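[1] sequence first, then the predicted structure, then my questions.
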6 protein chains.
Amino acid sequence: MRTVSIETGVTKHAEGSCLIKVGDTHVICTASIEERVPPFIKGSGLGWVTAEYGMLPRSTGSRMRREAASGKQGGRTVEIQRLIGRSLRAGVDRVALGERQITVDCDVIQADGGTRCAAITGGWVALKLAVNKLMKAGLVVSDPLVSPVAAVSCGIYAGQPVLDLDYPEDSEAGVDGNFILRGDGQLIEVQMSAEGATFSRAQMGQLMDLAEAGVSELVAAQKAAVA
Amino acid sequence: MRTVSIETGVTKHAEGSCLIKVGDTHVICTASIEERVPPFIKGSGLGWVTAEYGMLPRSTGSRMRREAASGKQGGRTVEIQRLIGRSLRAGVDRVALGERQITVDCDVIQADGGTRCAAITGGWVALKLAVNKLMKAGLVVSDPLVSPVAAVSCGIYAGQPVLDLDYPEDSEAGVDGNFILRGDGQLIEVQMSAEGATFSRAQMGQLMDLAEAGVSELVAAQKAAVA
Amino acid sequence: MRTVSIETGVTKHAEGSCLIKVGDTHVICTASIEERVPPFIKGSGLGWVTAEYGMLPRSTGSRMRREAASGKQGGRTVEIQRLIGRSLRAGVDRVALGERQITVDCDVIQADGGTRCAAITGGWVALKLAVNKLMKAGLVVSDPLVSPVAAVSCGIYAGQPVLDLDYPEDSEAGVDGNFILRGDGQLIEVQMSAEGATFSRAQMGQLMDLAEAGVSELVAAQKAAVA
Amino acid sequence: MRTVSIETGVTKHAEGSCLIKVGDTHVICTASIEERVPPFIKGSGLGWVTAEYGMLPRSTGSRMRREAASGKQGGRTVEIQRLIGRSLRAGVDRVALGERQITVDCDVIQADGGTRCAAITGGWVALKLAVNKLMKAGLVVSDPLVSPVAAVSCGIYAGQPVLDLDYPEDSEAGVDGNFILRGDGQLIEVQMSAEGATFSRAQMGQLMDLAEAGVSELVAAQKAAVA
Amino acid sequence: MRTVSIETGVTKHAEGSCLIKVGDTHVICTASIEERVPPFIKGSGLGWVTAEYGMLPRSTGSRMRREAASGKQGGRTVEIQRLIGRSLRAGVDRVALGERQITVDCDVIQADGGTRCAAITGGWVALKLAVNKLMKAGLVVSDPLVSPVAAVSCGIYAGQPVLDLDYPEDSEAGVDGNFILRGDGQLIEVQMSAEGATFSRAQMGQLMDLAEAGVSELVAAQKAAVA
Amino acid sequence: MRTVSIETGVTKHAEGSCLIKVGDTHVICTASIEERVPPFIKGSGLGWVTAEYGMLPRSTGSRMRREAASGKQGGRTVEIQRLIGRSLRAGVDRVALGERQITVDCDVIQADGGTRCAAITGGWVALKLAVNKLMKAGLVVSDPLVSPVAAVSCGIYAGQPVLDLDYPEDSEAGVDGNFILRGDGQLIEVQMSAEGATFSRAQMGQLMDLAEAGVSELVAAQKAAVA
């Protein structure tokens, strides 16, 4: 597991924000509260949490095309931001949140593998800080964040199960996965996929063990950051 | 598990094609061979398998907007077609295929849950038929399809693990997953995700058991279809 | 004239549906009822019938690019779906239909020339079945479909007037046309166009004669299908 | 038939240009020569003629949205520019033109019905002037324009066949059509369509008679303009 | 300074219109009144003036791609139309105009340098004519156009300050600028920019002197046109 | 003038990078070298410098829509990035740079007025660091950056000329301008524009004086940063 640091309050405008660093992967996460919800839940009394994800063009080894300039978000971006939103929602009591929306933006400043996991882990911190503001203002009474949500990647690299792959490991891993868990150890999402290889149930178990250990560490960092 | 049927040769133009029915979910799968590959593998000697996915506007209970008319493929579509391509590639020996591309199109005629799994299972049949044509023509010597690839969804519905969810079950399930396996039982991709719930490792094991059983049945249907 | 078959009720969700086969041209047509109309006739008491058209990527001899993926409907698609909608509306009493919209989707599964004509002919069958449902439910009192609407292509191929061109004939024909008629013989739309040739009024008359004969046959098939 | 005037040489840059006025319908037509052809005829030795069509936002009674701003050409625009290109090509000997492309742009400055017909008639004049330049420069030896191409609209308005409908007539006509003919009387394209009405073969004949008369007059104006 | 002519009333539909010719640069300007305003000033009682800009594909020496066909307005177009709108608004008393919008469309028929300046100068004439109509109809009581707005380009060409650059001069000028002034000599916008060169404050002063002289001449032409 | 700080080397991948803070306006600038140039200068031996600009969605007081999600860069973005590129190029000897491209990306992390000026000033620092790398590697022999390029905004706020407007000042200023200068005091670009006001030549002179003073300070900070 690479060194993790989470610095909060990195932008003055957002209701919640942090800069999470997992090794050389750096992501700015902000949470923005809006007193409106998407049409499909209007009037339901339920809140909504959604996420968007982006990478600065030169967050990567060679410059990527800016998605705003190419006129659409690529498949990978869409897939990741759907995952972030789904994962964060799994830790939210939407009744307690009340009919409002919080948008979590995760922008990768520097990438070195595991950006989606860092985005989820940091995104929860930004979300928590925004929720704290709502609670302090008396707009929300009981804490809608039932448990922290954190994510880590694991994979099989050079035949061995490895926790928290950096970019060189990730590019070579035949199997890699993302594990999103709550602070209480319950699973929210498991995504394991093989490109040019396969895996057995036994290997899946090994990766799960690693992931549980990694998430414990991340949750500790989250708790320290929002304390 | 719902009744499965696979009818091959349903369109005269495609190199391989089938209509797969898993209960009331009906998907037309075609495989198209092109003697060119994407730029990023040009000259590598390796082949490529990719997939595209679509739904007819009235394959669903209420009419969906046609993606061609709305000007882009939605996030769900993009996510699904990336999954189909990745899954099918996991069963392909790209050296044996040679430097050519096979595009598998999966178009949902009628939807009742599990369309992405049906698309993978049927897509493999179309792919196999196309590959057979290449082998018969002597363009490919050893079979690049190392093992069948099939997929099934499982979930926790009303507190119980359930195999092959139909649409009403799927909409209510707090946890659902897609399991893509090879015919030899090796895992290719596992995606479990919770919306408004979580799951334990024990439950994950139960769903895996169900999935292995379901995929066995699907592989038998695939083998019969291409025989 | 190629063999015509019309199978109804091919999808369980749509209010009306059929699979029309005109030789090797196969089109799935569905009709979807919505209790709302486009803004420009809101409050007028009039109904609306519109159509959309698509081709599966491998409905053709070589794979076409999926329009949803390329981000827009091509000029040919737009032209065809406008024609289908206009033609079907010419057979509708929009006062009797009442302020609701029926969308007819025509998706080509396999193409061998004459897809737009098959779409109109099959589209009318889907529309009729949907209207029957409205009448049975008492939502519509007098039948808004004043007469069947059917279409056939004719052209001048190898110097001879030919009815119902298949793809090889169509590609070589210097002049081809689409003729949309009502069951009572009245004309709705005539489109004759020459690419690399011209035609005389006498030839136009010959093609009209062929078209009238062809449409009679199609109308008989429509009536049998909806009986 | 409304008064027709054709003023040539209205822009200094284009190889051929004119401003055609048919009553209050005013269209600027330019022809641009490029020494390259579309990929699908590269190396064939054949030339290509294509067309684009647009309307200034305030060419109409109430301001239309600018298509460049809305991000795509509407269905009507696409349909019209395909018609213009197809019609002009029907009067071109593509071997004699040689492997080059001429693009005819038709931009409506003021609209009062019949813009597509005016565009074709004026477009041919611009095309002819550009071709004259090629011939004068010795780049083209025998005239590739085998005959003038002109177009007129006719319709059934208030129960009567009417030639060259202006906008108020066109909006009310239950049946209207566009007739594109060569100077020698041969037909290139006939489009008759009914919206909220139908027509008989006898009526079609009456409209054809009118169209033939109208086109004669237009061809005379074209010949005078390019003389 | 090239010869300037302004012909008004060039289209019958627009509330105000003119064709401005500055040398070989010809721009059609129309002003369209709508009794609605953009959302951000709804209910404020203030009016709005906005502008759109376009070039016919063959207004230039070699044919430009039609922006409607390429699916978006280029950066240059966006920049210019924002400038035109901003400049015209600087001469408008938005309270006196009342809560309505006037859209000024500037379409370049023939380009020879200075199109944005011609568009502003001609756009003001179209705007004035539209406002006159509102005043005549009693919809607006006191003239909201506090002063004419006109624009001219100047630059440093071959080392010398030059007024009103034509296209050949503009392409070679190392420094060029656009100066937008009111009839009373007050400045609205100054844009000086260097490509491949720089300029001193002294040179800036020389260009300002030229611009003031040029705008005087343009304002006289505007006043004559709207008299 | 607000406090200015420039931290270099903020991302490990880019050839040059900095985080510039001008008061509460924070912009990450990166410079990416590519050994290829745009088609229009291929083979000319000249280099190219271009720029792109973006804002994180929550860099502002209320969350802005992400441009990648809305499918295009807004007019303001396009205008700004064209300005940045043009300004930086004015300080580059493109022969000395050689046939390669440097792309400067400026991404606003937190906005409080003057983001485009901060982007130019910081962008030059990133560019200089990248160029230094090229020189150190012997790929470029003589320094192509002839002089620093820096920018500052000035405006008339509450009747007084003000240097370096923050967001509250900028929103209220009737006149504001951006001044881009070289380190040697030569002007590169002057943009002054009035919204709801006008300005005199005397006021223009006062703002120029302020700008010259401000840029001196910025150039000192740039020199310190790259030392």
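    Structure received.
[2] going by C-alpha atoms from here, please, whenever you check contacts or count neighbours.
    Noted.
[3] so A:K72: helix, strand or coil?
    Under the three-state scheme (DSSP: H, G, I helix; E, B strand; the rest coil), A:K72 adopts coil.
[4] residues in contact with it?
    Contact partners of A:K72, counting by Cα atoms under 8 Å, 6 or more residues apart in numbering or on different chains, are F:68-72.
[5] confidence score at it?
    Predicted confidence (pLDDT) for A:K72: 84.
[6] what's the answer for A:E195, then?
    Looking at A:E195, its pLDDT is 78.
[7] was I right about it contacting A:G174?
    Yes - using Cα atoms under 8 Å, A:E195 is in contact with A:G174, at 5.5 Å.
[8] quick revisit: looking at the contacts of A:K72, spot the one nearest chain B.
    Of all the contacts of A:K72, the one with the least separation from chain B (Cα to the nearest Cα) is F:G71, at 10.2 Å.
[9] on that earlier part again, just the buried members of the contacts of A:K72?
    F:68-69, F:72 (16 or more other Cα atoms under 10 Å in any protein chain shown).
[10] got the contact list for the residue lying closest to A:A111 once chain neighbours are set aside?
    Once flanking residues are discounted, A:A111 sits nearest to A:T25: 4.6 Å by Cα to Cα, 6 or more residues apart in numbering or on different chains. Neighbouring residues of A:T25 by Cα under 8 Å, 6+ apart: A:108-115, A:118.
[11] how would you label A:A130: helix, strand or coil?
    For A:A130, the secondary structure call by three-state DSSP comes out as helix.
[12] I meant to write A:A69 there.
    Here A:A69 is helix, with the state taken from three-state DSSP.
[13] how close does the closest residue to chain E within chain A sit to E:G71?
    Chain A approaches chain E most closely through A:G71 (10.2 Å), counting by Cα to the nearest Cα. As judged by Cα to Cα, to the nearest Å, A:G71 and E:G71 stand 11 Å apart.
[14] please apply the same query to A:E169.
    Taken as Cα to Cα, the span from A:E169 to E:G71 is 41 Å.
[15] for the top helix by length along chain A, list every residue counted as buried.
    If you go by DSSP state H, chain A has its longest helix at helix A:201-226. Within helix A:201-226, the residues that count as buried by 16+ other Cα under 10 Å are A:203-204, A:206-208, A:210-212, A:214-216, A:218-219, A:221-222, A:225-226.
[16] what helices or strands is the strand or helix carrying A:D105 leaning on?
    Assigned by DSSP states H and E, A:D105 belongs to strand A:101-110. The elements that strand A:101-110 packs onto, with contact taken as 3 or more Cα pairs under 8 Å, 6 or more residues apart in numbering or on different chains; DSSP states H and E, are strand A:25-34, strand A:48-55, helix A:115-136.
[17] would a markdown table of those with mean pLDDT be doable?
    Output for these, formatted as a markdown table (pLDDT from 0 to 100):
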| stretch | mean pLDDT |
| --- | --- |
| strand A:25-34 | 98 |
| strand A:48-55 | 98 |
| helix A:115-136 | 98 |
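[18] beta partners of the residue nearest to A:A111?
    Legend: beta-bridge partners of A:T25 under DSSP bridges are A:V22.
[19] same check on A:P161?
    Bridge pairing for A:P161 (DSSP bridges) gives the partners A:I156.
[20] confidence score at it?
    95.
[21] please apply the same query to the one 10 residues further on.
    pLDDT recorded at A:S171 is 89.
[22] what is the burial count for it?
    Neighbour count for A:S171, taken as other Cα atoms under 10 Å in any protein chain shown: 12.
[23] isn't there a strand covering it?
    No - counting by three-state DSSP, A:S171 falls outside a strand, being helix.
[24] got the contact list for it?
    The contact partners of A:S171, by Cα under 8 Å, 6+ apart, come to none.
[25] name the nearest residue to the residue of chain A closest to chain E, sequence neighbours excluded.
    Closest to A:G71 by Cα to Cα, 6+ apart is F:G71, at 4.5 Å.
[26] for the one you found, give its distance to A:I102.
    22 Å.
[27] cool, A:A51 as well?
    Taken as Cα to Cα, the span from A:A51 to A:I102 is 8 Å.
[28] over to A:P57?
    As judged by Cα to Cα, A:P57 and A:I102 stand 26 Å apart.
[29] from chain A, which residue is nearest to chain F?
    A:A68 (3.7 Å).
[30] pLDDT value on the closest residue to that residue other than its chain neighbours, please?
    Spatially, and ignoring its direct neighbours in sequence, A:A68 is nearest to F:A68 (3.7 Å; Cα to Cα, 6+ apart). Here, the pLDDT recorded for F:A68 equals 93.
[31] how about A:A220?
    Looking at A:A220, its pLDDT is 97.
[32] paired strands for the strand holding A:D105, with orientation please.
    Assessed with DSSP bridges, strand A:101-110 is paired to strand A:25-34 (antiparallel), strand A:48-55 (parallel).
[33] ranking those by burial, who's on top?
    strand A:25-34 (a mean of 26; mean count of other Cα atoms under 10 Å in any protein chain shown).
[34] count of neighbours near A:I84?
    Around A:I84 there are 27 residues (other Cα under 10 Å).
[35] likewise for A:I20?
    For A:I20, the count of nearby residues is 24 (other Cα under 10 Å).
[36] now it: phi and psi?
    phi -100, psi 130 (degrees, to the nearest 10).
[37] against chain C, how distant is it?
    With distances taken as Cα to the nearest Cα, to the nearest Å, A:I20 is found 35 Å from chain C.
[38] kindly report the same for A:V27.
    Taken as Cα to the nearest Cα, the span from A:V27 to chain C is 30 Å.
[39] for that residue, which non-adjacent residue is closest in space?
    Using Cα to Cα, 6+ apart, the nearest residue to A:V27 is A:V108, at 4.3 Å.
[40] now swap in A:L181 and tell me
    Nearest non-adjacent residue to A:L181 (Cα to Cα, 6+ apart): A:L187, at 4.6 Å.
[41] now chain A against chain C: closest residue?
    Counting by Cα to the nearest Cα, chain A gets nearest chain C through A:K72, at 10.2 Å.
[42] which positions in chain A make contact with chain F?
    Chain A comes close to chain F at residues A:11-14, A:30, A:32, A:56-63, A:67-73, A:105, A:107, A:109-110, as judged by Cα under 8 Å from any Cα of the partner chain.
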